[in-house]
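K.L.:
Need a 3D model of the following:
(chains A, B, C and D)
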2 protein chains.
Amino acid sequence: MNIGKASETSGLPVKTIRYYEEIELIAPQRLENGYRDFSAVDVQDLKFLRRARDLGFSIDECRMLLELQRDPARASSQVKSIANGKIIDIDRQIVELQSLRATLSALVSECRGDDTSECAILEGLAH
Amino acid sequence: MNIGKASETSGLPVKTIRYYEEIELIAPQRLENGYRDFSAVDVQDLKFLRRARDLGFSIDECRMLLELQRDPARASSQVKSIANGKIIDIDRQIVELQSLRATLSALVSECRGDDTSECAILEGLAH
DNA sequence: CCTTGACCCTCCAGTGACTGGAAGCTTTAT
DNA sequence: ATAAAGCTTCCAGTCACTGGAGGGTCAAGG
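P.N.:
A predicted model of the protein is given here:
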């Protein structure tokens, strides 16, 4: 299967797939004409990568997860701890965003938002 | 005031301040020896930038906000609409993160996390 | 057989918002 | 006089792609 089809099947852009090869996440075979030739396993890996990226795992985390997936002697506890770390990250991000939202929202509610120049938001930022 | 003091007073790293000059967010004077010389207004602007960045505004948004701050004929409605746009962005991000968290959390709860290789998380990603 | 268009290839540059480091001034303190 | 700290510019790297130039390959239609 060449790269266009692999892209369509995996849902990853062609450019991204080439990039993943460059950083050695995947290593598809090459045909005599130089075209990449994706096996069923390669395409599986691409799908795996897409889902893991969508879930917020970094490329390095994806690399670890992929290695674990390929390792028959893995312990599921290793995978679980990576995933738990990610959940903690996400929770931290959510808390931070909620705090930003509260601050912004307070500023906005104090700003009249008319055609005069007085503005509580700018004042709040200049503080 | 030279850059080290401006950094200390504004809370922005020296490198960041130089970068802000490069992208023309600020334009401090220069002394005869080539050193940047920050006025009180420059330092105010730096503080403003730090707070706005902390609140999640992009550099381009900060540029708009700074221009509005400097413009005595501004309408507070312009500022308010930028801030409201940012709140909408933040809400979108929060929703997305919550959804990721739910998915991850469901996978994690199905994974035994022991020393066996069977792992619901990897299976979920491979799907 | 030729052409057209859709693929594929590599390589280079740019994104956002910095950050690190090298190489070389100037100033300050001892 | 010298050493340390602070300043300057310029170049490269970060993360995870993305866009484009320039060129080779392949399948279908005339």
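
K.L.:
buried ones in stretch A:51-66?
P.N.:
For stretch A:51-66, the neighbour count (16 or more other Cβ atoms under 10 Å in any protein chain shown) marks A:Arg51, A:Ala52, A:Arg53, A:Leu55, A:Gly56, A:Phe57, A:Glu61, A:Cys62, A:Arg63, A:Met64, A:Leu65, A:Leu66 as buried. From N, CA and C alone the C-beta is placed, and that goes for glycine too.

K.L.:
In contact with the residue in chain A positioned nearest to DNA strand C, which residues?
P.N.:
Closest contact between chain A and DNA strand C, by Cβ to the nearest atom of the strand, is at A:Gly4 (2.7 Å). A:Gly4 makes contact with A:Val14, according to Cβ atoms under 8 Å, 6 or more residues apart in numbering or on different chains.

K.L.:
how far is the strand or helix carrying it from where the chain is centred?
P.N.:
For A:Gly4, the enclosing helix or strand under DSSP states H and E is helix A:3-10. Mean-position distance between helix A:3-10 and its chain equals 19 Å (Cα atoms, centre = their mean, to the nearest Å).

K.L.:
tell me the average confidence for that helix?
P.N.:
The pLDDT scores in helix A:3-10 average 96.

K.L.:
Just the buried residues of stretch A:51-66: which are in strands?
P.N.:
Using DSSP state E, no member of those sits in strands.

K.L.:
I'd say A:Ala6 and A:Leu46 touch.
P.N.:
Yes: taking Cβ atoms under 8 Å as the definition, A:Ala6 is a contact partner of A:Leu46 at 6.3 Å.

K.L.:
Find the residues that touch each one of these two.
P.N.:
A:Leu12, A:Ile17, A:Phe38.

K.L.:
Can you confirm whether the longest helix along chain A lies near chain B?
P.N.:
Scanning chain A for the longest helix, with DSSP state H as the assignment, gives helix A:76-110. Yes: interface with chain B: helix A:76-110 contributes A:76-77, A:79-81, A:83-84, A:86-87, A:90-91, A:93-94, A:97-98, A:100-101, A:103-105, A:107-108 (Cβ under 8 Å from any Cβ of the partner chain).

K.L.:
List the buried residues for that helix?
P.N.:
A:76, A:78-80, A:82-84, A:86-87, A:89-90, A:93-94, A:97, A:100-101, A:104, A:107-108.

K.L.:
check contacts around the closest residue to A:Met1 other than its chain neighbours.
P.N.:
Nearest non-adjacent residue to A:Met1, counting by Cβ to Cβ, 6 or more residues apart in numbering or on different chains: A:Phe38, 4.5 Å away. By Cβ under 8 Å, 6+ apart, the contact set of A:Phe38 is A:Met1, A:Asn2, A:Ile3, A:Lys5, A:Ala6, A:Pro28, A:Leu46.

K.L.:
at 7 Å instead, please
P.N.:
A:Met1, A:Ala6, A:Pro28 (Cβ atoms under 7 Å, 6 or more residues apart in numbering or on different chains).

K.L.:
what's the burial count for the last one?
P.N.:
Burial of A:Pro28 is recorded as 22 neighbouring residues (other Cβ atoms under 10 Å in any protein chain shown).

K.L.:
So it sits against A:Val43, correct?
P.N.:
No: taking contacts as Cβ atoms under 7 Å, A:Pro28 lies outside contact range of A:Val43: 9.3 Å.

K.L.:
Helix, strand or coil: sort out the spatially closest residue to A:Ser77 that is not a sequence neighbour for me.
P.N.:
Nearest residue to A:Ser77 in three dimensions, chain neighbours excluded: B:Gly113, at 4.6 Å (Cβ to Cβ, 6+ apart). Look at B:Gly113: counting by DSSP: H, G, I helix; E, B strand; the rest coil, its state is coil.

K.L.:
Mind checking which of the shared contacts of A:Ala6 and A:Leu46 are in helices?
P.N.:
Those of the shared contacts of A:Ala6 and A:Leu46 lying in helices (DSSP H): A:Ile17.
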